[in-house]
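In: kindly return the folded structure for what I paste below:
(chains A, B, C and D)
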Protein chains: 2
Amino acid sequence: MLVQAKQASQAAAAMSYPFRADTPAGKQRGFQNSLDLMGLKLPFSRNAEIYGQAEPAEYVYKILSGSVRTYKLLDDGRRQIGAFYLPGDVFGIESGANHRFSAEAMADTVVLAVKRATLTALAQTDAAIARELWQITARELDHVHDQMILLGRSSAQERVASFLAEMSERSENQSEFVLPMSRQDIADYLGLTIETVSRTFSSMERRALIELPSSRKVRLKSRAALRNMHS
Amino acid sequence: MLVQAKQASQAAAAMSYPFRADTPAGKQRGFQNSLDLMGLKLPFSRNAEIYGQAEPAEYVYKILSGSVRTYKLLDDGRRQIGAFYLPGDVFGIESGANHRFSAEAMADTVVLAVKRATLTALAQTDAAIARELWQITARELDHVHDQMILLGRSSAQERVASFLAEMSERSENQSEFVLPMSRQDIADYLGLTIETVSRTFSSMERRALIELPSSRKVRLKSRAALRNMHS
DNA sequence: GATCACCTAAGGGATACTACGTACCGTGTT
DNA sequence: AACACGGTACGTAGTATCCCTTAGGTGATC
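Out: Numbering: from 1, shown residues only, chains lettered A, B, ... in the order given. Have a look, this model is predicted:
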């Protein structure tokens, strides 16, 4: 009960600050229309599971409102977040039969769910649909490839700077935005501990690179300086 | 001159131990045929660049013999290897106009190069080709996703164990094989230093998990024990 | 006042950095 | 042929450092 209420308020806070999708809207129009026609609206409350690792991949999802994280877990609880998805983003596309990540709503979220079988059937006859499916997977691959050098070869400072730059690019107001995810989520996305993330945020604020009016609200004071901190 | 001779001998050593592609051959047959018909055989000597980061992606490649690494570089020389490719593997497919990694031959290598434009044109009318392109990208995404939890959340021991398991699965003789890459390549693939890789190999040999008859030849004494060391 | 998320501090451990040593191979010299 | 030389790759050791672990504290929300 208490948790529910808290979830709702935080979800509202996160949703009050609109993000746009990675991709210019125009490029996805054909696919978006197909999705929009066939889609089924599904609501998920904060922290609810949308699908689980190794479950059959029946649907492809597109976020209407809210935000989603995908992640893998190790036995002992270690977690690696694969990606954060914001309104307009498509997720849940798989090559094999099963999902390779779990997906959870980070805030109260509404998604459009489209049957995977419907899409693959359409792709058989419509080259544009087939190309869209490929493009979405390829863009995801590009992003993960960038993440690899981050996780394998970057310092804590570089990781956080890169993360802030990414979130800035994806938000409407590039110099001030609200993070839809917790410090723990950020840590598990960047391969750091929550303490290191916190310390790095504090250090950046002391050096006047950013301001943190509240823990989830970030104001970038110099996007150029931030860009110089990562490759 | 000296370098040339050395390259040749090491290349021969690497090639003498055949690897097979990740993928069951059957699954790629249609695509392989297309590739084989249109392809142009290109030879590259050891350490030669096949393409560079940010160059236009004109060709898609399939390895006939030898082996290839793809990588990203940071300004200060830090390197992250994206993947190792062995005979039968396809690499160089991009969603955008340009390559996002550089590719180098690890040994003297022969590849089949197919014009990217030819493939995308074919995909317009042939749904099977379109699906193959998508599948190759998707399989690559799956692999990189596994790599993420390795780079973000795994210990040095787990990374090396996982690497050896992967190479074992890709080699014909799963309990004894020759590594086509140097220790530095392994380090840059796993996000470790060369010293840590060396120490971990030595430690595994002391604990009788593996034997190292020569620095590049690995004999797995217990594949089950190795599997238990990673997730 | 209780709970949760976040932050800070202190100590320890795993990994990186630096430097040096060894093995191997091909080549040139005697 | 025997030997020394130089280059490359790899291994080892010691130190340094970064980050993690543990613990405790603060502030916001309800």
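
In: switch to C-alpha atoms for all contacts and neighbour counts from now on
Out: OK.

In: so the most centrally placed residue in chain A versus B:Glu132, what's the distance?
Out: Centroid-nearest residue in chain A, with CA atoms, centre = their mean: A:Phe84, separated by 1.3 Å. Distance of A:Phe84 to B:Glu132, computed by CA to CA, to the nearest Å: 27 Å.

In: next: A:Lys72.
Out: Taking CA to CA, one finds A:Lys72 at 27 Å from B:Glu132.

In: domain map for chain A?
Out: A:2-150, A:156-229 (automatic domain parsing).

In: give me the neighbour count for A:Arg207.
Out: Using other CA atoms under 10 Å in any protein chain shown, A:Arg207 has 10 neighbouring residues.

In: rewinding a little: which one of the domains of chain A lies closest to B:His143?
Out: domain A:2-150 (10.1 Å; CA to CA).

In: can you name the residues that contact the residue of chain A found nearest DNA strand C?
Out: Here chain A gets closest to DNA strand C at one residue, A:Ser182, 3.6 Å apart by CA to the nearest atom of the strand. Shown in contact with A:Ser182 (CA atoms under 8 Å, 6 or more residues apart in numbering or on different chains): A:Arg216.

In: quickly note the distance from it to DNA strand D.
Out: 13 Å (CA to the nearest atom of the strand, to the nearest Å).

In: what's the closest non-adjacent residue to A:Ala103?
Out: Nearest residue to A:Ala103, sequence neighbours excluded (CA to CA, 6 or more residues apart in numbering or on different chains): A:Thr70, at 4.3 Å.

In: er, A:Arg116 I mean
Out: Per CA to CA, 6+ apart, closest to A:Arg116 is A:Tyr59, 4.8 Å.

In: what's near enough to touch the one you found?
Out: A:Gly92, A:Ile93, A:Ala113, A:Val114, A:Lys115, A:Arg116.

In: would you turn the residues you listed into TSV with pLDDT?
Out: Listed next are these as TSV, based on pLDDT from 0 to 100:
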residue	pLDDT
A:Gly92	96
A:Ile93	93
A:Ala113	95
A:Val114	94
A:Lys115	93
A:Arg116	93
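
In: nearest to chain B among these?
Out: A:Ile93 (9.1 Å; CA to the nearest CA).

In: count of neighbours near that closest one?
Out: For A:Ile93, the neighbour count with other CA under 10 Å is 20.

In: quick check: the gap between it and B:Thr196.
Out: A:Ile93 sits 37 Å away from B:Thr196, going by CA to CA.

In: ok, back up a step: give the contact list for the residue nearest to A:Ala103.
Out: A:Ile81, A:Gly82, A:Ala83, A:Phe84, A:Phe101, A:Ser102, A:Ala103, A:Glu104.

In: beta-bridge partners for it, please?
Out: A:Ala83, A:Ala103 (DSSP bridges).

In: let's see the pLDDT reported for it.
Out: Here, the pLDDT recorded for A:Thr70 equals 96.
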